[in-house]
Structures are given as C-alpha cells and as structure tokens.
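1. One predicted model, sequence on top.
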Amino acid sequence: MTEPLTQSPAQPATDPEAPAPAPAPARRERARTALRRVPGRLRSLPPWSALAAGVLAGGLLGAGYGLAATPQYKATSYVVAVPSDQSDPASALGFAQAYGRVATQLAVLGDAQMWAHVPVAALERSVRTATSPDAPMVSVTATSADPEEAADMANAVARALTKHADAAADDTRVELRQFARATEPAESSSPSAAVTGLVGASAGGLLGGLALLVRPRRSGREPGRTPAAVPGPASAADGRGQL
C-alpha cells in the first residue's frame, strides 16, 4: 500500500537583499523631525507668500460656494393705496406704510397660502415688503429656488393684502389696488461664481495682509555669529595720557 503524499503550502519567497521595514518608533521620530522643520520652512518663505496664499484660497472658496449654492429667484408685485372721495392723499400714504408692515403678518399670510400653494412658514421665510416715503405704494417681493413659485407667492400675498384692505375700506376710506403683478423672473438674483470668487479673493487678501502685518520680523543677525564689540568712549584721563 502506498501512503498519500501531502504537500506543505509554499512559503513566500523572501529577497535577502530587500531592506527590512523600519520599526514604528523610527517612523514616528522621522515624523516628529519633519514637523519640527515646518516652522523653519514657513519662516523661510518670502513675505508676500501669506498674501498670495490668502488671495488664492479665498478665491477658490468663493468660486466653489458660487458653483455649489442653489440659485435664487426674486419676483415683485406692487399694490397702491387709493383714497376715496372723502379722504386725502396724505392719509393714503400713511395707510400704505401701515399695510406694508402688516403684509407679512400671519392673518395675511394665512389667506395667501391658499393661492400660493405653499405653507405659511415658507411665506414667512421668503416674502419681504417695502414702502416708499413719497408714494402710497407697497412692494411685495418673494424669493424662491423656483422662479414660478416666487411669482406665485408675491402675487398671492399682494392679493391677500388687498382683500384685507377692502374689508376695512369703509372705516379707513382707503383701498388697495393691484398696480403690477409679479412675473416669472428670467435670471437668478443670487451672485454668480465669478462674483463670489472675487469677494472671496478680496477677503482672503485682507486676511493675508493682516497675517503679513503680525508676522514677526526676521533678525538681521546670522546664527552662529556674535556681534562685533564696539569700544566705549574714552575718558578724558585716558586721552591726556596718550598725548
């Protein structure tokens, strides 16, 4: 009978000339040495390097933000306060200021959400109003990532505001009328990547300039050299002895 032959697994071939891996303490020591050399290398850089690095880093960060940010669109609707026959234009101007302040209140936005098809929280976050000190006009501006939604929100708030003004027209003798409807914006109102890049480069240059101002000055004395001794002034007695 013959016994089956068993083969042991092949051992990996070792190269006797290959250098042995460095132990972990030696690698850590080399890392510490490299870190200790970093401040010296930074001090050896030219003075304008901090300014150039700040401009470059700020420009890249600003341009990256402009490319990554979601574009925003703004749409504006206008309503005008019209006095009745029993009122004067000055009262219309005053009520226009008042309606501009109440346009973003919950009572108006609660009605506007039915026409805008967005929640009240979105209207509170996205709608802003402005009035003029010279004209009885209220502007309603809405901001959204969707241009159609921005126009719908502005028109909905303006419509709800005119409804509330009409309900109190018998007492105020002033009514609000739609002056101009908001249209869907064709271009975004958010800054482009070029603009944000310029702003970031300016901010980075400012920070680099501040870092350049607070940077310690280099010493003009070379290491390893002692300053030359300067003789002190000779006294009067020493001067007489030399004559």
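-> All right, it came through fine.

2. who does the lengthiest strand in the chain touch, helix- and strand-wise?
-> Secondary structure of the chain read by DSSP state E shows that its longest strand is strand 73-83. When contacts are defined as 3 or more Cβ pairs under 8 Å, 6 or more residues apart in numbering; DSSP states H and E, strand 73-83 sits against helix 89-102, strand 137-144, helix 147-167, strand 174-180. Bear in mind the C-beta positions are built from the backbone N, C-alpha and C, glycine included.

3. could you give the mean pLDDT of that strand?
-> In this model, strand 73-83 carries a mean pLDDT of 92.

4. and residue 152, how many neighbours?
-> Neighbours of residue 152 under the rule other Cβ atoms under 10 Å: 21.

5. I meant residue 134, not that one.
-> 7.

6. Would you tell me which one of the helices and strands packed on strand 73-83 is buried the most?
-> Most buried of the helices and strands packed on strand 73-83, by mean neighbour count (mean count of other Cβ atoms under 10 Å): strand 137-144, with a mean of 23.

7. how big is the angle separating it from helix 147-167?
-> 150 degrees (axes from the mean of the first three to the mean of the last three Cα atoms, to 10 degrees).

8. what is the orientation angle of strand 137-144 with helix 89-102?
-> Going by the same axes, to 10 degrees, strand 137-144 makes 20 degrees with helix 89-102.

9. Mind listing the strands strand 137-144 pairs with, and their directions?
-> Using DSSP bridges, the neighbouring strands of strand 137-144 in the sheet come out as strand 73-83 (antiparallel), strand 127-131 (antiparallel).

10. Pick the most deeply packed of those strands.
-> By mean neighbour count, with neighbours taken as mean count of other Cβ under 10 Å, strand 73-83 ranks first of those at a mean of 21.

11. which residue sits closest to residue 176, ignoring its sequence neighbours?
-> The shortest distance from residue 176 to any non-neighbouring residue, by Cβ to Cβ, 6 or more residues apart in numbering, is to residue 165 (3.9 Å).

12. what's the pLDDT at that neighbour?
-> So, for residue 165, pLDDT stands at 89.

13. now residue 135
-> Looking at residue 135, the pLDDT reads 87.

14. Could you confirm it falls within a helix?
-> No: applying DSSP: H, G, I helix; E, B strand; the rest coil, one finds residue 135 to be coil, outside a helix.

15. what about it, how many residues close to it?
-> 12.

16. show me the contacts for it.
-> Shown in contact with residue 135 (Cβ atoms under 8 Å, 6 or more residues apart in numbering): 80, 93, 96.

17. Verify the stated contact: the first one with residue 175.
-> Read it as residue 80. No: Residue 80 lies out of contact with residue 175 (Cβ atoms under 8 Å); the separation is 9.6 Å.

18. on that earlier part again, list the contacts for the residue nearest to residue 176?
-> With contact set as Cβ under 8 Å, 6+ apart, residue 165 has these partners: 81, 95, 99, 172, 174, 175, 176.

19. which non-adjacent residue is nearest residue 189?
-> Per Cβ to Cβ, 6+ apart, closest to residue 189 is residue 74, 4.4 Å.

20. scratch that, residue 110 is what I was asking about
-> Residue nearest to residue 110 in three dimensions, not counting chain neighbours: residue 120, with 6.0 Å by Cβ to Cβ, 6+ apart.

21. Check residue 53 too.
-> Nearest one to residue 53, counting by Cβ to Cβ, 6+ apart, is residue 208 at 6.2 Å.
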